[in-house]
Every structure is written in C-alpha cells, then in structure tokens.
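In: next one to model:
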Amino acid sequence: MAGAKELFDRVRPRRTQLGLAIRVTVAATAAYALATALHLLLPLWAVLTSLIVTQMSVGRSLKATRDYMLGTIGGAIYGGAIAITLPYSTEAGLLGLLVLAVAPLSLVAAVYPNLSTATVTAVIVLLVPTMHHADPLASAIDRVSEVSVGAITGLLVSFLVLPSRAVRQIRASAAKLLELIAEAFTELLAGLTRGRDNDALHRIQDGIGTAMVGMNAIGAEAERERSARLSSGPDTGPLLRTILRLRHDVVMIGRATVVPLPVEVQVRLAAPLAEVGAAIARFLKSAAEALRAGAGAPPIHPVHLALQHYAEAVAAVRQEGLIRGHASDTAERFFALGFSLEQMHQNLCDLDRVVGEWSEAARDKSARMAE
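Out: Prediction:
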C-alpha cells in the first residue's frame, strides 16, 4: 500500500504528460488499424499525422489539425496540378517539376509557418507516382485520404481519451509564475539591506521569462477552446494581463534596488520592508495555491496593512530628512521603490479579483446564471 501511494505521489505531478503519452499511443494504434482497414496506400502517413495532431491540450490539437489539413490539401492541389498540366518523361523533367513545387511552397511556408506541410505534401504527390507507377491525381487523393484519417483519429482521441483542457493547464502555469514572482520579489527586497544574490536573481528571472512564454501559448489554446465552445472557463485575458503587470512591477523594483539603501534609512525601513516582503510573498504563493485548487482568493488585508506601515515609515524618513545629503540617484531609487510598490499594490488587488473569478464557486455561479 505504501509503495502504491509513493508511486501515485510521483506520477500525480506528471498526470498531464502521462495523459498525453496514453493519447498518442491510442491515436497511433487506431490510425494504423483504420488505415489498414481502408486499404490506404501508405498507412504510415495516417500514423504520423495522428502523432502530430495529438497535442497536450484539446485547443492545441484543434490548431494542429487545422494547420496540417490546410497545408496538406493546399500542397496536394498544387503538386497534383503541376504534375498533371506539366507531364514529364525524363529525370530532368521531374527535377524541374520538383524545383517548381518546392520553391514557391517553401516561400509560403516561410511567410506562414502553419502551412509548412504543403511543401512536403507536394513533393510526395510528385515522387510517389514514380515509385508506385500511379498517376499524380491518384497520388494526391491518397495523400489527402491518409492525412485525413490520421487527423480525424488524432482529434477524436484528443476529445475522448483522457482529454486535457488548456483552461486547466493555465491554472498550473499561472500558479508557477506567481511563485517565481514571489521568489524574485523577496530576493529583491532583501537586497536593500544585505546586497543582492545576482546568480539567484538571474535564475529566477530566466525562469519567469520561460514560464511567461509557456503561459501565453496555453492562454491562446484556452481561448481557442472557448471560441469552439469546448470549455466554459473564464476569459484568460485578465489573468494573463495581471500576471504580466506583476512581472513588470518586479522589473521596476529590481531597477530601484540596484544598491542597498543608506544605512540610516535601512535602520528605519528594515522592519516595514520585511513586513511588506513577507505579506506580498505570502499572498502571491497563497494565490498560486488557490488557482491550482480552484479555491477563492486568499485574504489581501495583510498586504494593505503592510504597505500602509511602509508608507508611514517612508513619510517619517522624509520628514526627518534622512534622504537629504545623499546622491541624487539614491533619492531617485528611494522614491522609485515607493512608486513601484504602490503600482504593485494595485496589481495585487486586480489579482485578488481575478483569482476569485477563477474559483470553482464563481464558475458554478456563472453557469447557474447562464442557465
């Protein structure tokens, strides 16, 4: 029992990847069986197509299927057309047709990467008849048939076998980003009194950049699912924009904390800054947990209180003139930090609202209202 529980705990964080592996296996097997039953010339292309269109989420599978089918049909029509209208009888003639097929379609693929399969399809339509002694029209029909079988099979498997919705994936992606932002924020504020760990910051910032790219891609897939009415999740736009703004806040705070504060200012602001750092980091991590679980937003009152205490301490520092006599860039960073924290405060309030919208309770209420 303990061994089974340990195995489950190890597999659970990778359940999305495990689901993809199962879907790909089922799609490949089903595509081959169906292509064989239909006596298609090359079942290989049905299997390969099913592998290509079976993606991590339903939204991504929809896009992959659409792009692959458009490229295949376009390439088959173009390749078949030039082969029929420009018949050849020599190797030189075939070589000329190959150039005529590849050159323009490669240009199209360079401008529209989603149509890259058109070039491959046109080449297959031209060359397969030379190996199987078939006519170009039959070759084009075979190619479209094989790809259609693979695409339909892969898409059906994506819908029916352990379907994975991008809306669910975006929760995990957004939560990871919030945790990385919390780490970066904590490290930056700590640098005001003890100096920065630049290696740690670079690692965190690189992770944030990579995670942002991934989250934006998943967001596009989630919106594709919503447009096709395959998902009832909330609009991803507010969540993506709020996290992006929080990312920008961290960048601004990083610029304001290049060097530690003057010693006398550190003494006065150490406790309020520690309270701010702890409150905001705790809120960001709690919001990440709430997104993963579909729970309501965590309490934001500690953030309000911590920033109020910091504002009061800053007012006291200014009143006592502790910034006077320092270099102008020190004063600029001091005031920039306050502005950045206030901007981050507003964005955290937005995050509080957005996380509430993504809670299961809010979604159930919206569904009841729609009925």
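In: what ranges of the stretch 201-350 of the chain fall below the confidence cut-off?
Out: Within the stretch 201-350 of the chain, the ranges that satisfy pLDDT under 70 run 201, 230-233, 325-327.
In: buried sites along the helix or strand where residue 51 lies?
Out: Using DSSP states H and E, residue 51 sits in helix 43-53. The neighbour-count check on helix 43-53 (16 or more other Cβ atoms under 10 Å) flags 43, 45-50, 52-53 as buried. The way it works is simple: take the backbone N, C-alpha and C, and place the C-beta from them, glycine included.
In: just checking, what packs against that helix?
Out: On a contact count with 3 or more Cβ pairs under 8 Å, 6 or more residues apart in numbering; DSSP states H and E, helix 43-53 meets helix 15-37, helix 58-85, helix 136-160.
In: got the angle between that helix and helix 58-85?
Out: 140 degrees (axes from the mean of the first three to the mean of the last three Cα atoms, to 10 degrees).
In: orientation of helix 43-53 relative to helix 15-37 in degrees?
Out: Using the same axes, to 10 degrees: helix 43-53 against helix 15-37 is 160 degrees.
In: what does helix 43-53 contact?
Out: 24, 27-28, 30-32, 34-36, 40, 61, 64-65, 68, 124, 143, 146-147, 149-151, 153-155, 157-158 (Cβ atoms under 8 Å, 6 or more residues apart in numbering).
In: buried subset of those?
Out: 24, 27-28, 30-32, 34-35, 40, 61, 64-65, 68, 124, 143, 146-147, 149-151, 153-155, 157-158.
In: returning to that earlier point: what's the average pLDDT for the helix holding residue 51?
Out: What helix 43-53 shows for mean pLDDT is 91.
In: give me the distance from that helix to the chain's centre.
Out: A distance of 25 Å separates the centroid of the chain from that of helix 43-53, by Cα atoms, centre = their mean, to the nearest Å.
In: what does stretch 125-143 give?
Out: 39 Å.
In: from residue 130, how far out is the nearest residue to residue 88 once chain neighbours are set aside?
Out: Sequence neighbours aside, residue 94 is the residue nearest to residue 88 in space, at 5.2 Å (criterion: Cβ to Cβ, 6 or more residues apart in numbering). Separation of residue 94 from residue 130 (Cβ to Cβ, to the nearest Å): 7 Å.
In: who has more neighbours out of those two?
Out: Comparing residue 94 with residue 130 by other Cβ atoms under 10 Å, the one with more neighbours is residue 94, at 16 against 12.
In: which SS state does the residue lying farthest from the centre of the chain fall under?
Out: The C-alpha centroid of the chain is most remote from residue 89, which lies 50.3 Å away (Cα atoms, centre = their mean). What DSSP: H, G, I helix; E, B strand; the rest coil gives for residue 89 is coil.
In: show the pLDDT at it.
Out: So, for residue 89, pLDDT stands at 75.
In: need phi/psi at it.
Out: Here is the backbone geometry of residue 89 (degrees, to the nearest 10): phi -130, psi 0.
In: number the residues from 54 up from this point.
Out: In the new count, where the first residue is 54, that last one comes out as residue 142.
In: do you know how far it is from residue 259?
Out: According to Cβ to Cβ, residue 142 stands 58 Å off from residue 259.
In: does residue 79 touch residue 214 like I think?
Out: Yes - contact criterion Cβ atoms under 8 Å: residue 79 and residue 214 qualify, at 5.2 Å.
In: looking at those two, which one has more neighbours?
Out: Higher neighbour count among residue 79 and residue 214: residue 79, with 20 against 17, using other Cβ under 10 Å.
In: circling back: residue 336: which of the helices and strands packed on helix 96-106 is closest?
Out: helix 68-90 (26.7 Å; Cβ to Cβ).
In: relative to helix 189-213, how tilted is that closest one?
Out: Using the same axes, to 10 degrees: helix 68-90 against helix 189-213 is 140 degrees.
In: which strands or helices does helix 68-90 pack on?
Out: Against helix 68-90 (3+ Cβ pairs under 8 Å, 6+ apart) you get helix 96-106, helix 189-213.
In: distance to residue 409 for these - can I get that in TSV?
Out: Below are the helices and strands packed on helix 68-90 laid out as TSV (distance: least, Cβ to Cβ, whole Å):
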stretch	distance to residue 409
helix 96-106	36
helix 189-213	30
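In: and residue 363, which of these is closest to it?
Out: Per Cβ to Cβ, nearest to residue 363 of those: helix 189-213, 49.5 Å.
In: after the closest one, next one along is what?
Out: Using DSSP H and E, the first helix or strand after helix 189-213 is helix 219-247.
In: how far away is the residue farthest from the centre of the chain from residue 183?
Out: For residue 142, the distance to residue 183 - Cβ to Cβ - is 11 Å.
In: other residues contacting stretch 369-387?
Out: Against stretch 369-387 from outside (Cβ under 8 Å, 6+ apart): 308-312, 314-315, 317-318, 321-322.
In: go again with 10 Å.
Out: Stretch 369-387 is contacted from outside by 245, 308-312, 314-315, 317-318, 320-322, 325, 367, 388-389, 391, using Cβ atoms under 10 Å, 6 or more residues apart in numbering.
In: repeat for stretch 141-150
Out: In contact with stretch 141-150 (Cβ under 10 Å, 6+ apart) are residues 132, 135-136, 139-140, 151, 175, 179-180, 182-183, 189.
In: at 6 Å instead, please
Out: 135, 179 (Cβ atoms under 6 Å, 6 or more residues apart in numbering).
In: now stretch 388-399
Out: Residues contacting stretch 388-399 (Cβ under 6 Å, 6+ apart): 302, 305-306, 309, 360, 367.
In: just put these in TSV and tack on neighbour count.
Out: What follows is the contacts of stretch 388-399, written out as TSV (neighbours: other Cβ atoms under 10 Å):
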residue	neighbour count
302	22
305	16
306	22
309	19
360	21
367	20
